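[1] task: produce atomic coordinates for the following.
(chains A and B)
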Protein chains: 2
Amino acid sequence: MAKSAPEPTRLVLCMVGLPARGKTWIARKIARYLAWLGYNAQVFNAGDYRRKWLGAGHRADFFDPRNDEGARARSEMAELALADLLGFMRLGGEVALYDATNTTRSRRDQVRARCSAAGCTVVFVESVCEDPSILEANIRETKLSSPDYAGIDPEDAVRDFRQRIDHYAKVYEPVHADEPASSVRLIDVGRIVVLHRIEGYLPARLVSLLINLHVVRRPIWLTRHGESTHNVEDRIGGDPDLSPRGHRYAAQLARFVRRQAMEPPVVWCSTLRRTIATCAPLAVPAMPWRALDEIDAGVCDGLTYREIAERMPDEYAARRKDKLRYRYPRGESYEDVIERLEPVIIECERQRRPVVIVAHQAVLRALYSYFMDLPRERAPFVEVPLHTLIELVPAPYGYVERRHALAIEAE
Amino acid sequence: MAKSAPEPTRLVLCMVGLPARGKTWIARKIARYLAWLGYNAQVFNAGDYRRKWLGAGHRADFFDPRNDEGARARSEMAELALADLLGFMRLGGEVALYDATNTTRSRRDQVRARCSAAGCTVVFVESVCEDPSILEANIRETKLSSPDYAGIDPEDAVRDFRQRIDHYAKVYEPVHADEPASSVRLIDVGRIVVLHRIEGYLPARLVSLLINLHVVRRPIWLTRHGESTHNVEDRIGGDPDLSPRGHRYAAQLARFVRRQAMEPPVVWCSTLRRTIATCAPLAVPAMPWRALDEIDAGVCDGLTYREIAERMPDEYAARRKDKLRYRYPRGESYEDVIERLEPVIIECERQRRPVVIVAHQAVLRALYSYFMDLPRERAPFVEVPLHTLIELVPAPYGYVERRHALAIEAE
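    Numbers count the residues shown, from 1 in each chain, chains lettered A, B, ... in the order given. The predicted structure is shown next:
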């Protein structure tokens, strides 16, 4: 999806659903994806406002709809979050995610009216889930570590949180097809998806992300190809073969994956010789993706950085000044690379098996910055050394990383 | 969407719906899109089998469920189509579209069992529409020209066709969430879309196409940039400016669009100077898309074909031998261009306004071959001369073309 959308973007994605339905997980996932693509996107979480202004530690009775004081306080906090959200949109925000329960029709009508008045399009994103095992896992993984339950016995906390859910369930009105707004209803994490009046460039493209979401946990392994004959000479680009050291890395990588993978992984490489050769010793055939090819250095292809600095000092300086946006003459920028990697991200989100991606420095920097939710500006500076496997392990709201420097045996 | 899917494709898309719900339109649209992307895809239409083997001209009573003979004959024809479909899949077909009503649960269960036994995944694609104006338009546009109604008074034909629908409606069971298959339900041409267990690379990506379908008719205008300084010298690639003649074409183009467009069009160009300059005189700002840049000629960029033939005779010969798949060293093939144009196609399908695309020869050949449903092999040979506007006008199942050679005034 090009950031260069065919129309200006002023979109509010309003989450809907009972507690523990993964609203925060979905909202953060969308925000991460959009920020990576270059959108000015931000999440506004009503619970964070409550904990900030009223202090954490509210028990279930606070969420009882019959508790007038609690209801008033919660409504105030939801309003504060919405006010900040609209302020963000006024100041040039492109996509805001309103992470609150919004479980009643009247509340949703209010939110829609307020956003429309501010010139924003609203899409409701509702998560419905009655699978007790998913709910239980979600409560234990994310709610027990919430400041609301600091120092509370886990079983008491789970019990209290279930009561909180029951209080919301009493007044819950699922999004209905007759509500005059666009909506995406995700039932049981993508088992059923109902799209209602999904129009506009960005909402239509976001559907690709949303229908591929799942909660299966599996690692993602990122690595550059083994050392190439160009690496030895410090040249960029081209389509060189592996050096003898590079071949030894390929053998090490295959050993590592064989030992570590709990099930056969999916393996993707670029269409360039050095990644295909790096995958050759793996037990699983690698699929070459052109989207994983190294950044196209255009007229600088095959040169060393020193040669670029000497022959094209202006280009060299321009690149140092803005490495994210700098585009090699007749070649690509990091922004271009991010754009062409979008299908890889969608496909990676869809995969339920471990994924091994054997690619190139700039490409891996771009992918890494998505998974680790880095600001785009930092993407071109991520350390991705040769002969190092970056393992991304799923965590409640993203990934944690482990780096494995694979020892290359001497010849 | 890369043709190089991460898994082999053996997919049957089984249409479901009452007559006149656009099943054939949707099936053909999917088939055209997939064939363009390089899939071996084919539509099997049960009505065609009936007309071929039993002769056209059946009246409504033939479709009455109480007509045992008619029911048996229709069932036989549906079986013939399904047998051919399964034969196609056995011989290496990747995606088959089964274009029949499949309006009962028991029929769908049968189809699913047969396809599963043949190692194919089934996705039901149901079209539901009760909007009388859409139905009326569909009947008049597509059914009256069917051989079934050759020589019949149009009003009689419409009446008969409505009776045929009523017969099917008596036994119609919409796809239900408890059916153990993947399904996409399109309600009122995309107003509501219900996705059920949509898994796998291709089904998930097809959703992008399906949710953007609409029945608004608007022209698409394709044109190359005005003549460039490279065109004058017969050089390919590069990023040249327009020649004086090229600038005059840009002015002519703006006049033509102003006169012809019934509403403000959407204008897209590439990121190269010659298309941006061609759009400059247009009243509407053009959005530059990198996906619309000319085919990357890699090491041949900036050369003339004669220079390529002299300096790299092997490359020249390889390109002549297989122009679709030939990839310039360090550059692109036509297949690569098609792949990167996929988001442009999806966005073009989504647009309800006229679209003007100002791009380059290879890119326009690829786009044209999608809209005109040409075999991929013919794409590299489509005539796309300079200073000619190709107008694609919607027709019931595709587009018809008009070419406007815009006169360039003498200097």
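[2] pLDDT averaged over the host helix or strand of A:S127 - what is it?
    Using DSSP states H and E, A:S127 falls within strand A:121-128. Taken as a whole, strand A:121-128 has a mean pLDDT of 96.
[3] mind giving me the packing neighbours of that strand?
    Contacts defined by 3 or more C-beta pairs under 8 Å, 6 or more residues apart in numbering or on different chains; DSSP states H and E place strand A:121-128 against strand A:11-16, helix A:23-36, helix A:105-117, strand A:182-187, helix A:201-211. Quick note: C-beta positions are derived from backbone N, CA and C, even for glycine.
[4] try 7 Å this time
    strand A:11-16, helix A:23-36, helix A:105-117, strand A:182-187 (3 or more C-beta pairs under 7 Å, 6 or more residues apart in numbering or on different chains; DSSP states H and E).
[5] among those, which is nearest A:A250?
    helix A:23-36 (29.4 Å; C-beta to C-beta).
[6] against which helices or strands is the closest one packed?
    Helix A:23-36 packs on strand A:11-16, strand A:41-45, strand A:95-99, strand A:121-128, helix A:201-211, helix A:361-371, going by 3+ C-beta pairs under 7 Å, 6+ apart.
[7] could I get the ones you listed as TSV with mean neighbour count?
    Below are those laid out as TSV (neighbours: other C-beta atoms under 10 Å in any protein chain shown):
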stretch	mean neighbour count
strand A:11-16	26
strand A:41-45	20
strand A:95-99	26
strand A:121-128	22
helix A:201-211	21
helix A:361-371	23
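[8] least confident of the ones you listed, on average?
    Lowest mean pLDDT within the helices and strands packed on helix A:23-36: helix A:201-211, at a mean of 87.
[9] to B:W268, which of the helices and strands packed on helix A:23-36 lies closest?
    helix A:201-211 (12.3 Å).
[10] between strand A:11-16 and that closest one, find me the angle.
    40 degrees (axes from the mean of the first three to the mean of the last three C-alpha atoms, to 10 degrees).
[11] partners of the next helix or strand along the chain from helix A:201-211 in the sheet?
    Once helix A:201-211 ends, the next helix or strand along the chain (criterion: DSSP H and E) is strand A:220-224. Strand A:220-224 pairs in its sheet with strand A:355-359 (parallel), strand A:388-395 (antiparallel), by DSSP bridges.
[12] got the contact list for the helix or strand following the longest one?
    Same thing as strand A:388-395. As assigned by DSSP H and E, the chain's next helix or strand after strand A:388-395 is strand A:398-405. For strand A:398-405, the external contacting residues (C-beta atoms under 7 Å, 6 or more residues apart in numbering or on different chains) are A:256, A:371-373, A:387-393.
[13] ok, 10 Å please
    A:25, A:28-29, A:32, A:219-223, A:252-253, A:256, A:260, A:368, A:370-373, A:383-395 (C-beta atoms under 10 Å, 6 or more residues apart in numbering or on different chains).
[14] tell me which of the helices and strands packed on strand A:121-128 is the most buried.
    Stretch with highest mean neighbour count among the helices and strands packed on strand A:121-128: strand A:11-16 (a mean of 26; mean count of other C-beta atoms under 10 Å in any protein chain shown).
[15] now that one, how far from the centre of its chain.
    Remark: strand A:11-16 is offset 17 Å from the chain centroid, using C-alpha atoms, centre = their mean, to the nearest Å.
[16] what helices and strands are in contact with it?
    On a contact count with 3 or more C-beta pairs under 10 Å, 6 or more residues apart in numbering or on different chains; DSSP states H and E, strand A:11-16 meets helix A:23-36, strand A:41-45, helix A:68-90, strand A:95-99, helix A:105-117, strand A:121-128, strand A:182-187, helix A:201-211.
[17] which secondary structure elements does the helix or strand that the second one is followed by sit against?
    It stands for strand A:41-45. Following strand A:41-45 in sequence order, the next helix or strand is helix A:46-54 (DSSP H and E). With contacts taken as 3+ C-beta pairs under 10 Å, 6+ apart, helix A:46-54 sits against helix A:23-36, helix A:68-90, strand A:95-99.
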